[in-house]
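[1] need the 3D shape of this:
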Amino acid sequence: MKIEEDAGVAVLNRLRRAQGQLAGVISMIEAGRDCKDVVTQLAAVSRALDRAGFKIVASGMRQCLTESEDGTPPMTEQELEKLFLALA
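    Residues are numbered from 1 along each chain as shown. The predicted structure is shown next:
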């Protein structure tokens, strides 16, 4: 499945933001910051990754439900459900 260009830009932006947030969490731990602050930032990283994953799945739904240009068969309902559950 290829991610649509507009969705790809949004996903990459979210992943870069998450990467920066994760670097911040690592720095916070190394600096001995308060547990509450670290967990709050870690939760933000998790949400950013979830949003990126949901964007990928949402943008690919149309492609997943139809045969691709290279002849790849469409995904089954069970395969789509598994993708969603992987993000849950």
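[2] what about the residue of the chain positioned farthest from its centre, is that helix, strand or coil?
    The outermost residue of the chain, judged against the average C-alpha position, is residue 32 (28.4 Å), by C-alpha atoms, centre = their mean. Three-state secondary structure (criterion: DSSP: H, G, I helix; E, B strand; the rest coil) places residue 32 in coil.
[3] from residue 85, how far out is the residue nearest to residue 24 when sequence neighbours are not counted?
    Residue nearest to residue 24 in three dimensions, not counting chain neighbours: residue 41, with 5.9 Å by C-beta to C-beta, 6 or more residues apart in numbering. Quick note: C-beta positions are derived from backbone N, CA and C, even for glycine. Distance of residue 41 to residue 85, given as C-beta to C-beta, to the nearest Å: 26 Å.
[4] neighbour count for these two, which is higher?
    Each of residue 41 and residue 85 has its neighbours counted (other C-beta atoms under 10 Å); residue 41 has more, 19 against 8.
[5] need the next SSE after whichever strand or helix holds the more buried one, C-terminal direction.
    Here residue 41 is covered by helix 35-65, with elements defined by DSSP states H and E. The helix or strand immediately downstream of helix 35-65 is helix 77-87, counting by DSSP H and E.
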